[in-house]
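Peer 1: Return a 3D structure for these sequence lines:
(chains A, B and C)
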Amino acid sequence: MLEVNEIWVHYGRIAAVQGLSISVAEGEFVGLVGHNGAGKTTTMNTITGTLKPSRGDIRFNGTSIAGTAPDRILRAGISLVPENRRIFARLSVAENLRIGTSARKDRREAERDIKRMCERFEVLGQFYNHPGAKLSGGQQQQLAIARALLSRPRLLLLDEPTLGLAPLMVDRVFEILQELKDEGVTILLVEQNAARTIEVADRTYVLRSGGRIEFQGTAQELSQIGDFETAYIGLSRAAKGGAA
Amino acid sequence: MGGMSFGDLLRKVWVPLALCTFVVVTWALVTGLAGTVYERTLAINLIYLVLVLALQIFSGNSGVLSFGHVGFMAIGAFVSALLTIPEDTKKATFLTMPGFLDWILDTNVGEVPAILLGGLIAMVFGILFAPPIVRLRGVQAGIGTLAILIIVYVFNIQTTSITRGTSTMIGVPETTSTEDALMAVLATIVVAYFFQQSRRGLRLRALRENERAARSVGVASEFERGVAWVLSTFIAGVAGAIYAHYITAFSATSFYFDITFIAIAMLVVGGLTSVSGAVFGCIGLAVVQEALRRFEVNGLFGEKPPVGIATFGLALILLVTLILRPRGITKGREIPFPTDWTWPGRKQRATASEETSVATAPPAHGAPAESGT
Amino acid sequence: MIDPSALPLAAATEIQYAVDAIGYGTVYALMALSLALLFGVMGLMNFAYGELIMVAGYTMYLSRDWSWPVMVIVTIVVVTVFALAMERLAFRPLRRASPVTLLVSSFAVSIMLQQIAYMAFPGPPKGIKPFSFLRDNVDIGGVRISHLTILTAAVTIILLVATTIVLKRTMLGIQLRASTEDFHMAQLVGVRANGVIVAAFAITGLLAGAAGLLYNLRFGSVTALRGQDPLLIAFVGGVIGGLGSLGGAALGGFMLGALTTALTAALPNNVRSYTTLFAFLAVIAVLVFVPNGLITLRVGIVRSLWRSRRRPPNSELAAPAAGGD
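Peer 2: Sure, this is the predicted structure:
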């Protein structure tokens, strides 16, 4: 479904991503982990059209989308839950949800979807007419996920959805991800919490700096790599205070 | 070649030397070949160049664009004029001079002290406005400095007892010659360049490039901006004083959006961040403007364009420059030393990160690489 | 407009000033709202907005022999076309530029339009035909109010309400407000960048057309520099009120506009202009101490755009050297 082919992304002279290739198949849940500076967010921003790769190609269902405007990529079916959530703080929850349907033509069905989202994420129904700024971090994350889902994406990208959340909220986010996976949503998840990502994902890429792939594989395959545990999961466990 | 060799020294003074030579050659060509017809244009544009250099000292190094410098130019002009108009003329013209300024009527300090005092008083006002202005960046700074321009303008228009408001000043001695203006330009080029190269200038430029990083290594952003601001208001005041003694007939309305626009256009078209940009922008636009003016007055092949084409042309050049070459014709760089010249065809060391805009402020929105919807 | 000799009571005069002030304050509210909309959506502090008022004036001058409904429609259409042309020719190529670059380029556009006006309409100010029915006054309890004042207040209030409804209730409005807050994120949820910007310019054009009609009718003539004063008042009012919020800007524009109108009528020339001076000193103070504007501050909106301009939301794009996540 999504094929990222040897992309290079530069910030001025610095190459943040050097020849990265990843792929996501229909219905698959793919994780992308790595420490700070590994190029994860850069990759996400390049897939969603915010950045332009200086080399390489990105194909979505066979069509090249590299360097296309973000709103077109969304219309093609890729929706992003961005880093730090970036909900519209001055818009009400209702308006935040409505804007998620911007690209849709089926107004009625979209309204129904908004209702469904409010049932699914109760807190959104509860704060329906409150400004987004009133929500807590975890609630905002749910709003951001709901907003992204409302465009009815064929591929959902999530960039560090648990960043800065309380442990309980982290659990809730992974619960939601598990649910989405069970529903058959195709997902590409970027996370620092490697252990939990590997657990929930069908397949995970582990990046080292410069967006180069260190390891990849399923949870089992990754656990068989000797020093992987100590090098990555161990580190991230220590960093997250053993949240896993 | 050990220690401070001649080559090193030459490299150190290369930019001001080259720019001064360029200005002197321009002056010699215009006075020698074109004669008196263009003498006035030349002198006025040299004075504009002093103003543009003043603007460059602050805006170029700090990256904060000022719309307010013409206000300080006005202050310099009025102070210097009031201190040099013959006493009798003053007594006859300024009948309602406020009591605390009565002494001005009996004072005449002579040209050079008056010009320096004009600069100093402008600088005093610069110091007064400095605390708020140095705290502002980006558009806010643009609005704040624009407010200064308007405040000074309104004050000058309204305070007719001191400035004669919209009426022309009378009896200002015509003491500035084209050569004096040239000297002022040369001195200002040297000041502007060595300020840019000084530790102070370096710190300011570091702030311009990355405020957070510069502050983290202990650069006091507001103080550094303040120093450049105060210095540049002094020079703007001097430019005003010289202007006053050159054209002699001026009023509060002379110092408003017109000159502000010309100065900003010259600096931005030339390249905000370099002294070379100020010089080339000023002289380049002066030539274009004068050509358009001639066209306006004399027409071409018997066709006369409507009045206004000169200013329109400048505005169009400014807009096109902003779109096509946002860092100005010099790309904000100084003239390279002869041995560093890169010839067309040879690989340029330019990078994408340098292709930003007028002020080095980051893009407002993280606009996508290509937003062609 | 008001004949002082016909007024027996001082109180009546004051009420008249007040009514006038309110009537015209709303025009400035419209202008400040337009400025804030453009500033919010694309970071453009549009100096050339005043020239839209001027364009309205010249259109009215050229269409002076036509019946008033035609003149109104033609003026609004012409001004809107100018606003859209401005976007297409000058500001779209600068989409990725910094707000300061946009400010300078709008300065250039403003000067260009002024020069075009000088070239196209040389000579003395051009007269605008007053509509006879607008010159009459109504008498309400000894207070005479001109029809023009009533019309101005009515039209602008209707437009302000209509704009509010568009911004609050329609999908376009939600998209515009979302873009004001986080332009890039809006695109990521499917808002078309060109779409919202063109819409913002179109709304600006429509409002400027209406404001221009009312403003120029009051003056009865137009010059190349006609747009300068209203621009400055709306702009200062907007900054004081808070350009980061549409409501704050409109209220700021209204208050300063009303104050200016009242002072113009009530005070001798001298003091009036020194008030301008104090208004601009206030601008500097507001910028330094309450960069979000006075009104926004009181409403207590935490995240104001005005602030976020200082620190762009996606700082990753802003700092080229910050490679990686």
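Peer 1: list the buried ones in the strand or helix carrying B:Ala18?
Peer 2: Assigned by DSSP states H and E, B:Ala18 falls within helix B:6-29. Of all the residues in helix B:6-29, those buried under the rule 16 or more other C-beta atoms under 10 Å in any protein chain shown are B:Trp14, B:Val15, B:Pro16, B:Ala18, B:Leu19, B:Cys20, B:Phe22, B:Val23, B:Thr26, B:Trp27. For every residue, glycine as well, the C-beta is placed using N, CA and C.
Peer 1: what's the closest of those to chain C?
Peer 2: Closest to chain C out of the buried residues of helix B:6-29 is B:Leu19 (23.9 Å), distances taken as C-beta to the nearest C-beta.
Peer 1: Roughly how far does that closest one sit from B:Ile335?
Peer 2: Distance of B:Leu19 to B:Ile335, computed by C-beta to C-beta, to the nearest Å: 7 Å.
Peer 1: quick one: common contacting residues for those two?
Peer 2: Shared contacts of B:Leu19 and B:Ile335 (C-beta atoms under 8 Å, 6 or more residues apart in numbering or on different chains): B:Ser276.
Peer 1: Just confirm B:Thr41 contacts B:Ala286, I think it does.
Peer 2: Yes. In this structure, B:Thr41 is within contact of B:Ala286 by C-beta atoms under 8 Å, at 7.2 Å.
Peer 1: who touches C:Val189 in this structure?
Peer 2: The neighbours of C:Val189, taking C-beta under 8 Å, 6+ apart as the test, are A:Leu74, A:Ser79, A:Ile99, A:Gly100, A:Ser102, A:Ala103, A:Arg147, A:Ala148, A:Ser151, C:Ala178.
Peer 1: which ones are touching B:Ile335?
Peer 2: By C-beta under 8 Å, 6+ apart, the contact set of B:Ile335 is B:Trp14, B:Val15, B:Ala18, B:Leu19, B:Ser276.
Peer 1: in what helix or strand does C:Thr260 lie?
Peer 2: Using DSSP H and E, C:Thr260 sits within helix C:246-266.
Peer 1: cool, and A:Leu157?
Peer 2: A:Leu157 is part of strand A:155-159, with elements assigned from DSSP H and E.
Peer 1: Off-centre distance for that strand?
Peer 2: Strand A:155-159 sits 3 Å away from the centroid of its parent chain (C-alpha atoms, centre = their mean, to the nearest Å).
Peer 1: Counting neighbours, which bits of it end up buried?
Peer 2: A:Leu155, A:Leu156, A:Leu157, A:Leu158, A:Asp159.
Peer 1: Next, the distance between the ends of stretch A:84-94.
Peer 2: Start-to-end span of stretch A:84-94 (C-alpha to C-alpha, to the nearest Å) is 20 Å.
Peer 1: How about stretch A:129-136?
Peer 2: Span of stretch A:129-136 from end to end, C-alpha to C-alpha: 15 Å.
Peer 1: Show the average pLDDT along it.
Peer 2: Stretch A:129-136 shows a mean pLDDT of 90.
Peer 1: remind me which residues of the chain are low pLDDT?
Peer 2: No chain was given, so I picked chain A. For chain A, the stretches flagged by pLDDT under 70 are A:225-244.
Peer 1: not what I meant, chain C
Peer 2: Residue ranges of chain C with pLDDT under 70: C:1-12, C:266-272, C:295-325.
Peer 1: and with 80 instead?
Peer 2: Within chain C, the stretches with pLDDT under 80 are C:1-14, C:16, C:130-137, C:139-144, C:244-245, C:263-276, C:290-325.
Peer 1: for the chain, longest helix please?
Peer 2: If you meant another chain, say so; for now it's chain A. The single longest helix within chain A, with elements called by DSSP state H, is helix A:167-182.
Peer 1: Correction: the question concerned chain B.
Peer 2: Using DSSP H to define each element, chain B has its longest helix at helix B:221-247.
Peer 1: for the record, mean pLDDT for the helix or strand following that one?
Peer 2: Following helix B:221-247 in sequence order, the next helix or strand is helix B:257-270 (DSSP H and E). Averaged over helix B:257-270, pLDDT sits at 94.
Peer 1: Which other helices and strands does helix B:257-270 contact?
Peer 2: With contacts defined as 3 or more C-beta pairs under 8 Å, 6 or more residues apart in numbering or on different chains; DSSP states H and E, the packing partners of helix B:257-270 are helix B:39-55, helix B:69-82, helix B:275-298, helix B:309-324, helix C:99-120.
Peer 1: Tell me which of those helices is the most buried.
Peer 2: Per residue and on average, the most neighbours among those fall to helix B:69-82, with a mean of 30 (mean count of other C-beta atoms under 10 Å in any protein chain shown).
Peer 1: okay, the angle between that one and helix B:39-55?
Peer 2: In terms of direction (axes from the mean of the first three to the mean of the last three C-alpha atoms, to 10 degrees), helix B:69-82 departs from helix B:39-55 by 120 degrees.
Peer 1: tell me what helix B:69-82 is packed against?
Peer 2: Looks like helix B:69-82 contacts helix B:39-55, helix B:111-133, helix B:138-158, helix B:160-163, helix B:221-247, helix B:257-270 (3+ C-beta pairs under 8 Å, 6+ apart).
Peer 1: For it, give the mean pLDDT please.
Peer 2: For helix B:69-82, mean pLDDT is 95.
Peer 1: by how many degrees do the helix or strand harbouring C:Glu51 and helix C:99-120 diverge?
Peer 2: Assigned by DSSP H and E, C:Glu51 belongs to helix C:49-62. Per the same axes, to 10 degrees, the angle that helix C:49-62 makes with helix C:99-120 is 20 degrees.
Peer 1: Which neighbouring elements make contact with helix C:49-62?
Peer 2: In this structure, helix C:49-62 packs against helix C:10-42, helix C:68-86, helix C:99-120, strand C:126-127, helix C:193-219, strand C:221-222, helix C:228-241, with contacts taken as 3+ C-beta pairs under 8 Å, 6+ apart.
Peer 1: how far off helix C:228-241 does that helix point, in degrees?
Peer 2: Helix C:49-62 and helix C:228-241 meet at an angle of 140 degrees, taking the same axes, to 10 degrees as the criterion.
Peer 1: residues near the closest residue in space to C:Met31 that isn't next to it in sequence, how many?
Peer 2: Distance criterion C-beta to C-beta, 6 or more residues apart in numbering or on different chains; nearest residue to C:Met31, sequence neighbours excluded, is C:Ala234 at 3.5 Å. Other residues lying near C:Ala234 total 31 when counted by other C-beta atoms under 10 Å in any protein chain shown.
Peer 1: B:Ala249 now?
Peer 2: Neighbours of B:Ala249 using other C-beta under 10 Å come to 11.
Peer 1: May I have the phi/psi pair for it?
Peer 2: Main-chain torsions, B:Ala249, degrees, to the nearest 10: phi -100, psi 100.
Peer 1: so who does it touch?
Peer 2: When contacts are counted by C-beta under 8 Å, 6+ apart, B:Ala249 touches B:Thr168, B:Met169, B:Val172.
Peer 1: same question, B:Thr145
Peer 2: B:Leu65, B:Ser66, B:Phe67, B:Gly68, B:His69, B:Ile133.
Peer 1: can we see that at 7 Å?
Peer 2: B:Thr145 makes contacts with B:Ser66, B:Phe67, B:Gly68, B:Ile133, as judged by C-beta atoms under 7 Å, 6 or more residues apart in numbering or on different chains.
Peer 1: Please produce JSON lines containing the residues you listed, extended by neighbour count and distance to chain A.
Peer 2: Shown next, in JSON lines, are the contacts of B:Thr145 (neighbours: other C-beta atoms under 10 Å in any protein chain shown; distance: C-beta to the nearest C-beta, whole Å):
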{"residue": "B:Ser66", "neighbour count": "29", "distance to chain A": "28"}
{"residue": "B:Phe67", "neighbour count": "26", "distance to chain A": "30"}
{"residue": "B:Gly68", "neighbour count": "27", "distance to chain A": "33"}
{"residue": "B:Ile133", "neighbour count": "27", "distance to chain A": "30"}
